[in-house]
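[1] Sequence plus the predicted model coming up.
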Amino acid sequence: MHTNSLYQEVILDHNRKPRNYGKLDQASHHAVGHNPLCGDRLDITLQLENEQICDIAFQGESCAICKASASMMTTAVKGKSRLDAEILIHEFRELATGKLDTGHPHHLGRLTVFSGIRDLPTRVKCAILPWHTLHAALNSISSTSTEANNDSAQMVSNHSVS
Amino acid sequence: MNSAHASLKSEITSDVDWRKVRTDFPILELKIDGKPLIYLDNAASSQMPQLVIDRLVRYQTKQHANINRAVHYLSEVATQEYHDARCKLQQFINAREDREVIFTSGTTDSINLVMQGYGRKFIQANDEIILTTLEHHSNIVPWQMLANEKGAKIRVVPINDKGELDVDEYERLFNERTKFVGLIHVSNALGTINPIKRMIDFAHRYDVPVLIDGAQAALHIPIDVQALDCDFYAFSAHKLCGPTGVGILYGKAVLLESMQPYKGGGNMIASVTFEETIYNTIPHKFEAGTPPIAAAIGFGAAIDYLTTIGIENIAAYESTLLDYATKCLTQIPGVNIIGTANEKTAVISFTIDGVHPHDIGTILNQDGIAVRTGHHCAQPVMQRFNVPATSRASFAFYNNKTEVDALIAGIKTVQKVFL
């Protein structure tokens, strides 16, 4: 695993100039994601109308991998249906953990720049945190963590703000 | 004198050939992605010399049996070796008696032993426990658990911008409700060496016992528990070139005798009926079940090794490394050292403007450089400096200036990638 294959220009660019950075004033769904091992925190707000993500934003303190992953994620899911977003969440998790066969059809597109993360197990959680948090937001789970085995168990609290 | 000669001279000080010392550690020959390993994560865990590895192998191949039980040859050998290891630790910290040294599974276990054995018995509702901002989580969480259970209160000693304890404020925290002090000797996150002698003496004016968390100190500072007059002192083998899974709790005999056992089981008893158990004497009262026999013997071998080099020599050598690394890092624009105490061990926590510590750690790793990134299990320290995390280069006596130079080059690579 070499630095260059992980820190590609597209990732560095999204880190320098994150897209959809901030907080939606009128959000129908909201979640905060934590990575307790490093203290990173991500806040996602989104507007869901007729099961479609009309708008989405994120903010928080995180590393370049997490921030770029969040930035590219928001770009990828904006305008998509909840179902399509959940498919992307699943595929991204599979990609990051090395379970996705990229030779078969998938929907990740440029998100495959994160494929190198599978060789750095300690950084996988950095890339996945935004996707965990999006999943939580879509399911009205207000707080989630990377330190659980499945999403239902990740609930720290279950207070929907929607 | 050219720079090579100067470097050589600095590595042969105090009659210790530090370049030869490096060859004692087989792991330092490793290559990471084709580059030599530069191990600067010693505050998390230090490496093990061949001598200790060999001792573990010898024990497992020729000496292993359970201890304090059987009358056969191997059990007698293992029992004696385990006892000898305890005596080595006793001498290492200058405890009065070997029974004042309890083998535990490590520093965290030692602190939990004191919390359970002393705290649960002697700390009551409305009592106060003094801790410091510099504490590692293992010297915070057990006391919070106790405070929650008993209705006691935790008071925290603040630190200044250099990462030094405000000792005057510490002294102001004392009152008639103060019943215990938990105090880290050396900050694992910043390297700050705390003035523990002064703090112990002050606590004793109020008859308050003091536990010293020495996990980060024992490899770098000579420890004399009698001179310190501390009531408890805890550290782990794996930070002193020994195995994981073993550590010690030193406690004054009179205190240990007054305490409740932490764990019940075999070996910690004098007699058992279903009506009553009479506990064994110290140290056995606190060593229930089969202890980490091999690890304790390996710990003893590590103490032998370190004693041969001399902790004073180690401290002096590491001090030169710290000065050199600090000077080099402060010359790089955008690098900020967190923790600049006047009294420090060779630990440098730093941030780089615009770059998250995890990204720093990942890129340094590409050059074979192992540093720690994160909150170092000391989140209150991070909160005090308003940073989510830092990168931490922590040095041991087998590191050298060439490795510091590699770290500096690696940091410049990080800046090139991100800025």
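    Structure received. Residues are numbered from 1 along each chain as shown, chains lettered A, B, ... in the order given.
[2] Number of residues surrounding the residue of the stretch 1-150 of chain B found nearest chain A?
    At 7.5 Å from chain A, B:D33 is the closest residue in the stretch 1-150 of chain B, using CB to the nearest CB. In short, each C-beta sits where N, CA and C put it, glycine included. B:D33 has 11 neighbours, counted by other CB atoms under 10 Å in any protein chain shown.
[3] if I look at it, how far off is B:L419?
    Taking CB to CB, to the nearest Å as the measure, B:D33 and B:L419 are separated by 24 Å.
[4] The residue of the stretch 1-150 of chain B closest to chain A and A:C126: what is the separation?
    On the measure of CB to CB, B:D33 and A:C126 end up 20 Å apart.
[5] Next, residue 107: phi, psi?
    You didn't say which chain, so I picked chain A. Main-chain torsions, A:H107, degrees, to the nearest 10: phi -120, psi 10.
[6] looking at chain B here, not the other one
    Backbone torsions for B:T107, taken as degrees, to the nearest 10, come to phi -60, psi -50.
[7] what's near enough to touch the residue nearest to it when sequence neighbours are not counted?
    Nearest non-adjacent residue to B:T107, counting by CB to CB, 6 or more residues apart in numbering or on different chains: B:A215, 4.2 Å away. Shown in contact with B:A215 (CB atoms under 8 Å, 6 or more residues apart in numbering or on different chains): B:107, B:136, B:138, B:188, B:234-236, B:239, B:247.
[8] of all those, which comes closest to B:I332?
    Nearest to B:I332 out of those is B:N188 (CB to CB; 23.8 Å).
[9] Spatially, and excluding backbone neighbours, which residue is closest to B:L249.
    Nearest residue to B:L249, sequence neighbours excluded (CB to CB, 6+ apart): B:S110, at 3.7 Å.
[10] Within the helices and strands, which one has the one you found?
    Assignment of secondary structure by DSSP states H and E places B:S110 within helix B:107-114.
[11] Looking at residue 2 now. What's its pLDDT?
    Reading this off chain A. Note for A:H2: predicted pLDDT of 52.
[12] oops, I was thinking of chain B
    pLDDT for B:N2: 45.
[13] Over to A:G98?
    At A:G98, the pLDDT value in this model is 92.
[14] From A:S115, how far off is it?
    Distance of A:G98 to A:S115, given as CB to CB: 8 Å.
[15] So B:S349, which state does it fall into?
    Secondary structure assignment for B:S349 (DSSP: H, G, I helix; E, B strand; the rest coil): strand.
[16] Just to check, it is in contact with B:M382?
    No: look at B:S349 against B:M382 with CB atoms under 8 Å: they stay out of range, at 9.4 Å.
[17] Now do the contacts for residue 100.
    Since no chain was named, I'll use chain A. Applying CB under 8 Å, 6+ apart to A:L100 gives the contacts A:91, A:94, A:106, A:108.
[18] Not quite, go with chain B.
    Contact analysis of B:E100 by CB under 8 Å, 6+ apart lists B:90, B:250-253, B:256, B:282-283.
[19] Among these, which lie within strands?
    B:250-251 (DSSP state E).
[20] wait, which of the contacts of B:E100 is closest to chain A?
    B:Y250 (31.5 Å).
[21] so what's the closest one scoring on pLDDT?
    Predicted confidence (pLDDT) for B:Y250: 98.
[22] ok, how many other residues are close to it?
    28.
[23] Quick check: beta-bridge partners of it?
    As for beta bridges, B:Y250 partners with B:V101, B:Y233 under DSSP bridges.
[24] Contact partners for it?
    Counting by CB under 8 Å, 6+ apart, B:Y250 touches B:93, B:95, B:100-102, B:225, B:230, B:232-234.
[25] What about the residues you listed, which one has the most neighbours?
    B:A234 (31 neighbours).
[26] pretty sure that residue is touching B:N112, no?
    No: using CB under 8 Å, B:A234 makes no contact with B:N112, being 9.8 Å away.
[27] re earlier: please say which of B:S349 and B:M382 ends up with more neighbours.
    Neighbour totals were compared for B:S349 and B:M382, and B:S349 leads with 31 against 19 (other CB under 10 Å).
[28] The more buried one: what's it in contact with?
    Neighbours of B:S349 in contact, by CB under 8 Å, 6+ apart: B:189-191, B:337-339, B:376, B:390-392.
[29] which among those gets closest to A:S28?
    Using CB to CB, B:T390 is the member of the contacts of B:S349 that lies nearest A:S28, at 37.5 Å.
[30] ok, now which ones touch that closest one?
    Taking CB under 8 Å, 6+ apart as the contact definition, B:T390 lies against B:189, B:338, B:349-351, B:357, B:373-376, B:382.
[31] now the strands for chain A?
    Along chain A, the segments classed as strands by DSSP E run A:29-35, A:40-49, A:52-61, A:143-145.
[32] dump the residue contacts of B:G339.
    B:G339 neighbours (CB under 8 Å, 6+ apart): B:162-163, B:187, B:189-192, B:347-349.
[33] Grab the nearest non-local neighbour of it.
    With sequence-adjacent residues excluded and distances taken as CB to CB, 6+ apart, B:G339 is closest to B:L190, at 2.8 Å.
[34] which phi and psi does the spatially closest residue to A:N35 that is not a sequence neighbour have?
    Distances taken as CB to CB, 6+ apart place A:T146 nearest to A:N35, at 4.7 Å, with adjacent residues excluded. Torsion angles at A:T146 (phi, psi; degrees, to the nearest 10) stand at phi -80, psi -10.
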